[in-house]
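Enquirer: Quick one: sequence plus predicted model below, questions after.
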Amino acid sequence: MPETTTTQPDAGWYGSLELVYAHYEGKTKILHSFHQAPLKLQSPFYPEGQQICHSVILHTAGGIVGGDRLSQKIQVQPNAHSLITTAAASKIYRSNGREAKQILTIEIEPGATLEYLPQENIVFSGAIYRQDLRIQLAPGANWIGWEINRFGRSARGEQFIAGEWRSYTEVWQNNRLLWIDRQWLPGEAELINSINGLAGKPVIGTFSYLGKPVDKEILEKINNLRKTRENKGEFGVTELMSGLLCRYRGYSTTEAKEWLSQVWQILRSEIWQLPAIKPRVWQL
């Protein structure tokens, strides 16, 4: 697994990760792996048996700064099933005036499944960050993904009152756009506290499933999650043409992860008849 470093600290990191998963003789394997610092991949593990490969991505630099350019290219070949997460929360530091950017390009082939469930991002006030995610989803393929962000180090009383955050997601199938999600949050106290912005709640989460229409019974089970516990945050569930979308806005990354994890558990059980085996690096 080669690793090279071609940039200087004051120029920002130019890190990349390439992964190809293949299904062979009942096992999902990593067919190809390449990484360039600061991105790195831990050895795969199989807590659910050989058919589902769990992978953990590390960011060895400790955080993302202005000028960083990170890219991930992931291909999941026919009938393979992979779950990808990260080793810890990602820190996006105050910018030096330049934008930090991450581009993710994902291809999921027929009969394949990718569960892309990174741990949360902590976006410092003054950060300038953009993430572009493009997914090519073949017929019969499945995508589950989430993104959780905490804006400002709220435990220290910090609000996201400077900088800019953008997240662009597109999911395509047979040259047809299935779903597009464009989010933009400029660092402004008025917007952070506005009901049309974060309403003073520093944590947001987005969960998406794309693959096939979701039964009404599944949607009802997910909606009922809000009634079974006391929540300080706000939750929303939307049916998509070929899946579903869930949103969270609140005060706690733990609450966001717990709720989205419960959604994930329901989908796993109902769609694939699988238990939800949480990755060993999650603190839930």
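Expert: Here it is on my side, so go on. None of the values given here were measured: they were computed from a predicted structure. Numbering: from 1, shown residues only.
Enquirer: Every contact and neighbour count from this point should use C-alpha atoms.
Expert: Will do.
Enquirer: Tell me how far residue 253 lies from residue 203.
Expert: Using CA to CA, to the nearest Å, residue 253 is found at 6 Å from residue 203.
Enquirer: which of the two has more neighbours?
Expert: A count of neighbours by other CA atoms under 10 Å puts residue 203 above the other of residue 253 and residue 203, at 25 against 22.
Enquirer: Buried ones in the longest helix seen in the chain, by neighbour count?
Expert: What stands out as the longest helix in the chain, according to DSSP state H, is helix 253-267. Applying a neighbour-count criterion of 16 or more other CA atoms under 10 Å, the buried positions in helix 253-267 are 253, 255-257, 259-261, 263-267.
Enquirer: repeat for stretch 180-188
Expert: 185-188.
Enquirer: Overlap of the contact sets of residue 253 and residue 203?
Expert: Applying CA atoms under 8 Å, 6 or more residues apart in numbering, one finds that residue 253 and residue 203 are jointly contacted by 148-150.
Enquirer: export those residues to TSV and tack on distance to residue 271, neighbour count and secondary structure?
Expert: Output for the shared contacts of residue 253 and residue 203, formatted as TSV (distance: CA to CA, whole Å; neighbours: other CA atoms under 10 Å; DSSP: H, G, I helix; E, B strand; the rest coil):
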residue	distance to residue 271	neighbour count	secondary structure
148	23	24	strand
149	27	20	strand
150	30	23	strand
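Enquirer: And these, which is closest to residue 209?
Expert: Top of the list for closeness to residue 209, among those and by CA to CA, is residue 148 at 15.1 Å.
Enquirer: so what's the closest one closest to, chain neighbours aside?
Expert: Spatially, and ignoring its direct neighbours in sequence, residue 148 is nearest to residue 205 (4.3 Å; CA to CA, 6 or more residues apart in numbering).
Enquirer: Can you pull the phi/psi pair for that neighbour?
Expert: Main-chain dihedrals, residue 205, degrees, to the nearest 10: phi -140, psi 140.
Enquirer: still on that earlier bit, TSV for the buried residues of helix 253-267, including distance to residue 281?
Expert: Listed next are these as TSV, based on distance: CA to CA, whole Å:
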residue	distance to residue 281
253	15
255	17
256	17
257	13
259	18
260	16
261	14
263	19
264	17
265	17
266	21
267	21
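Enquirer: Out of the shared contacts of residue 253 and residue 203, the closest to residue 276 would be?
Expert: For the shared contacts of residue 253 and residue 203, the nearest to residue 276 is residue 148 (19.0 Å; CA to CA).
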